[in-house]
Every structure is written in structure tokens, then in C-alpha cells.
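> got a predicted structure plus its sequence, pasted below:
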Amino acid sequence: MKKLAKVFYCNVALLFFVLLLAGCTVGTSEESKTAPAENDSASESQKVTNETQESNRTDEKKDESVSTTGSEETKNEESNHPSESEEDDTLSGYSSEEKEIEYARVWLQLGPNQEIDELNVRQISAGEPINPNDDTSASYPEDVIQLAGSRLVDGSVTYSSNGDGTINVYNVPLRWDSSPDVDKNFMHEYTEGIIKKTELVHVDPGNDKEIIKLIDIMNIH
């Protein structure tokens, strides 16, 4: 009986040993399975972090490139287009009281011939006859300026300034032809029509270099 009990206890002990060994094997297997999964997760996280950092570095380079390009373009535009102060300095040596700049701008815009040797400026007071060769001529209702070249083919421009960048242009010929056959009231009616048909014109600033060239050949009478 004692021998049978001893065998029973031995079998029970052997069974516990087998179960303990099986439990250790399963735990090791689960740890080995879990470890690669954790390693894969850590590797994937590191990969995402690296990609994010690389993307940020690329965006920073693009921003620097755009900023540099924009700065260079701004500098180029500033060098190609002079500022208003620089344009004012170009004409600063010419008297505004004599209105040389205005005379040059008007001729540059309305002068029949731009290839002239000199630009003559004649100031005509209000009350003077439009046709100085005819006593029946109507008179100018305001002070006017007459611009003309040195030759008849250069033509002329007769106008009054409004002081706001606009002028009233009178369609007055540079030379008057008279004929004894015309009615004695013809010239009065004709010159009255010139006064009524004045044209309002806005004067453009023009090109500074061309304006200076005209001022240099200007004669004010």
C-alpha cells in the first residue's frame, strides 16, 4: 500500500513538472511574438517621424527660395522703374514759373512736327485779336500761349492753361491768308467760331528726356 502511494505521488509530481515546463515554453513564445510586433511599431513610428522632419526641411527650403526670388524681383523692378522723386529730380533744374515743362509737354503731345530746330513760345494777352491782320477779328477771351517751330511747316499750338493738368486748345492757324473777295463779316464770324469750338485736352506727363530736349531749344518771347 505504501509503495502504491509512493508511485502516485511521483506521478503527480511529474505531471506538475510537465505542466510547469509547458507554461514556460508558451510564455517565451508569446514574448517572442510580442517583441517583433513592438519592434515593428517602433520602427514604423521612427519612419513617420523621419518623413515628417524631411518634409519640413523641404518646405523650409522652398520658402527660402521663394523669399529670395521675390526679393530679387523686387530689387529688379525698383532698378528698372525710377521712383517719383528721381523723375522730379530730372526736371528740377527747370523753372516752373516760366512753365517751360508745360510748354514742352503740350508740344510733345499736340505739336504737328516733332523734328523742330527750335520751339518758340509767344504769350498773348486776353483782348488781343485772334487774327492780328484783320480789324474785324474777334478777340481772345483769356490769356493764351502760342507754340510754334521756326518753319511754317512745323505748325503751331494755341491754348490756355486751366491749372489742373488740362488746357483749352484754340484751332488757330499759324499764318492768316486774306482775300479782298470775302465778306467783311466773314472773319469776325470765323474767329468767333474758333472761340466757341475750343477743345478741352488733358496734358500727359510725357517723356522726361524728350521734354528736356524741347526745353533746351525753347525761345520764350
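Cool, the structure landed. Since the structure is predicted, the reported quantities are computational estimates derived from the model, not experimental observations.

> which residue ranges make up each domain of the protein?
Listed domain ranges for the chain are 1-81, 94-220 (source: automatic domain parsing).

> for the record, mean pLDDT for the shortest one?
Averaging pLDDT along domain 1-81 gives 52.

> ok, the last one next?
For domain 94-220, the mean pLDDT works out to 92.

> can you show me the helices along the protein?
Applying DSSP state H to the chain gives helices spanning 2-80, 84-90, 100-110, 186-196, 208-216.

> neighbours around the residue nearest to Ile211 when sequence neighbours are not counted, how many?
Spatial nearest neighbour of Ile211, chain neighbours left out: Ala104 (4.3 Å); criterion: Cβ to Cβ, 6 or more residues apart in numbering. The C-beta positions use only the backbone N, C-alpha and C, and glycine is treated the same way. Neighbourhood size, Ala104 [other Cβ atoms under 10 Å]: 27.

> thought Ala104 was touching Asn207?
No: between Ala104 and Asn207 no contact is recorded; they are 10.0 Å apart, counting by Cβ atoms under 8 Å.

> quick one, what contacts Tyr159?
Counting by Cβ atoms under 8 Å, 6 or more residues apart in numbering, Tyr159 touches Val106, Leu110, Val144, Ile145, Leu147, Ile167, Asn168, Val169, Tyr170, Val201.

> return the distance of Lys213 relative to Val201.
22 Å (Cβ to Cβ, to the nearest Å).

> kindly report the same for Gln123.
19 Å.

> those two - which one has more neighbours?
Taking other Cβ under 10 Å, Gln123 and Val201 do not tie; Val201 has more neighbours (17 against 11).

> next up, the contacts around the more buried one.
For Val201, counting by Cβ under 8 Å, 6+ apart, the contacting residues are Gln109, Leu110, Tyr159, Thr166, Ile167, Asn168, Val169.

> okay, the fourth one and His202: tell me how far apart.
When you say that, I think you mean Thr166. Plainly put, Thr166 is 5 Å away from His202 if you go by Cβ to Cβ.

> now swap in the second one and tell me
As judged by Cβ to Cβ, Leu110 and His202 stand 11 Å apart.
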